[in-house]
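Peer 1: have a look at this fold, sequence not included:
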């Protein structure tokens, strides 16, 4: 696989005006998450500075379908999945099908790439590079094939990316397997992962907390994109979570 530079090699100039606002939201269903994301996008679109928002959360078992997704990437029919309380949602993002579940970290940067003079390809490159830095810091060997195809370990794919942009801002983002049910994750199969899925916990000999991973992601993101001022929140007043039934099948394959 080709060698790619890491985020520490090419930090962006500091965002002289604008901070990084980080929201660690715990468990949030995709519908509620989408409403909050749209609100924050609208608010950020009216700003003139370099302020960015980083949303971090976990999702209940749900399959999202990106612009390159198809039903052929699902191991079961949509009807069977929904009977077992695993909804399938089409999203305006890049990438293929992805199964979200507890133990997987959803990383959504709302980043003013035009105001910071960063192209979308470069942003994706930097995002994956900083995730490589996170893996290495946590003593997990990972690499990537090319920009936009996620991260891989010797035992399988560990991270996925699926970016979109609106009003000069990125949204959606990437997903990092921390300590999730890998058998359940195999409900999504495609030619990228060939049904080989991995996680940080699988590749380590010692337990790993989600809080540790979040802290590393926040620190490396701020470093890579030039944010010296970081504000961290555990909730957002506009977030209204919806209830979602989770069948036993969706917890243990």
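Peer 2: Received it, and whenever you're ready, just let me know what you need. Treat the numbers as computed from the prediction; the structure is a model and nothing was measured.
Peer 1: where do the strands sit along the stretch 1-150 of the chain?
Peer 2: Listed in chain order, the strands of the stretch 1-150 of the chain (DSSP state E, counting those that start in this stretch) span 20-27, 52-58, 62-65, 88-90, 97-100, 104-110.
Peer 1: what about stretch 131-143, average pLDDT?
Peer 2: In this model, stretch 131-143 has a mean pLDDT of 95.
Peer 1: any residues touching that stretch, and which ones?
Peer 2: Here stretch 131-143 makes contact (Cβ atoms under 8 Å, 6 or more residues apart in numbering) with 1, 4, 6-8, 107, 144, 151-154, 158-159, 174, 176, 200, 203-204, 208, 212-213, 216-217, 220, 224. For the C-beta atoms, the positions are set from N, CA and C on the backbone; glycine is no exception.
Peer 1: quick check: end-to-end length of that stretch?
Peer 2: End-to-end distance of stretch 131-143 (Cα to Cα, to the nearest Å): 10 Å.
Peer 1: buried sites along that stretch?
Peer 2: Neighbour-count burial for stretch 131-143 flags 131-135, 138, 140, 142 (criterion: 16 or more other Cβ atoms under 10 Å).
Peer 1: can you give me how far it is from the chain middle?
Peer 2: 15 Å (Cα atoms, centre = their mean, to the nearest Å).
Peer 1: same check, this time on stretch 209-217
Peer 2: Distance of stretch 209-217 from the chain centroid (Cα atoms, centre = their mean) equals 13 Å.
Peer 1: do stretch 140-160 as well
Peer 2: 13 Å.
Peer 1: list the buried residues in that stretch.
Peer 2: When neighbours are counted by 16+ other Cβ under 10 Å, the buried residues of stretch 140-160 are found to be 140, 142, 144, 147-153, 156-160.
Peer 1: tell me which stretches of this protein form helices.
Peer 2: For the chain, applying DSSP state H gives helices covering 30-45, 78-83, 120-137, 182-185, 200-203, 210-224, 248-251.
Peer 1: average pLDDT across the second one?
Peer 2: The one in question is helix 78-83. 71.
Peer 1: give me the most central residue, the chain.
Peer 2: residue 174 (2.5 Å; Cα atoms, centre = their mean).
Peer 1: surely that residue is in contact with residue 157?
Peer 2: No: Residue 174 is not in contact with residue 157 according to Cβ atoms under 8 Å; the separation is 11.8 Å.
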